[in-house]
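**Student:** what's the 3D shape of this:
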Amino acid sequence: MLVRVSLIGLASFAALVAASVAAGSEGPPVPEATRPCSSRGDSDRPQKLPVPAGERIGPLVIWPSIRNRAGRSDATRTGWAFVAKAPIVLPARARVTLAVPVEALHLVGFQAANGTWVSSVRFEACRESVRAFPGAYDGTVGKFTGFPFGFGLARRSMCVPLEVWVEGRAAPIRRLVPVGRRSCG
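**Tutor:** Residues are numbered from 1 along each chain as shown. As a prediction, this is how the structure comes out:
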């Protein structure tokens, strides 16, 4: 009888450990949208990091415009009360997924193609040697890739939790990002 109780206890403990490990290794969300190198925004010179610095989450940098108060949107068209333009900058060759954690799905969404809004986007930065789009500038993309991007927001000013899943890492980088304000502290 004692052996049976011990075996049941051991089996229960093993199941609990297995469930904990499985829950902690969920991996990145399946992205609802993808932004490949070809969806970048070239200007008249290679992309640089913003000055002043934007909001950094691991290798991903959100343009400082995220700190400006978001503008009102047509909520019937976008599903969000406010919208903020905030381009994304990544180092060459980086592959990351930007995601909204479950607890914040009601606070923020990401602008995808065709006017849709999603909660996760995979960004695939260009290689340094990719040629700039015709008519932009003569040369290669260089050290950074910039993507036009927008956030849909429930409120004009708030702090939103975001996750960045870097390709090859088992866990996300989590950060509270100020939108329409200087800081979340």
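
**Student:** can you list the weak-confidence ranges in this protein?
**Tutor:** 1-25, 75-77 (pLDDT under 70).

**Student:** mind listing the helices in it by residue range?
**Tutor:** Assigned by DSSP state H, the chain shows helices spanning 2-24, 75-78.

**Student:** show me where this protein has its strands.
**Tutor:** 33-35, 55-57, 60-62, 71-72, 82-85, 88-91, 95-99, 108-111, 117-118, 120-124, 144-147, 150-153, 158-166, 173-179 (DSSP state E).

**Student:** helices or strands next to the first one in the packing?
**Tutor:** Strand 33-35 makes packing contacts with strand 120-124 when contacts are defined by 3 or more Cβ pairs under 8 Å, 6 or more residues apart in numbering; DSSP states H and E. The C-beta positions use only the backbone N, C-alpha and C, and glycine is treated the same way.

**Student:** what of the longest one?
**Tutor:** In terms of contact count using 3+ Cβ pairs under 8 Å, 6+ apart, strand 158-166 is assigned the packing partners strand 55-57, strand 95-99, strand 173-179.

**Student:** how big is the angle separating the longest one from strand 158-166?
**Tutor:** Angle between the axes of strand 173-179 and strand 158-166 is 150 degrees (criterion: axes from the mean of the first three to the mean of the last three Cα atoms, to 10 degrees).

**Student:** any buried residues in strand 173-179, and which?
**Tutor:** 173, 175, 177-179 (16 or more other Cβ atoms under 10 Å).
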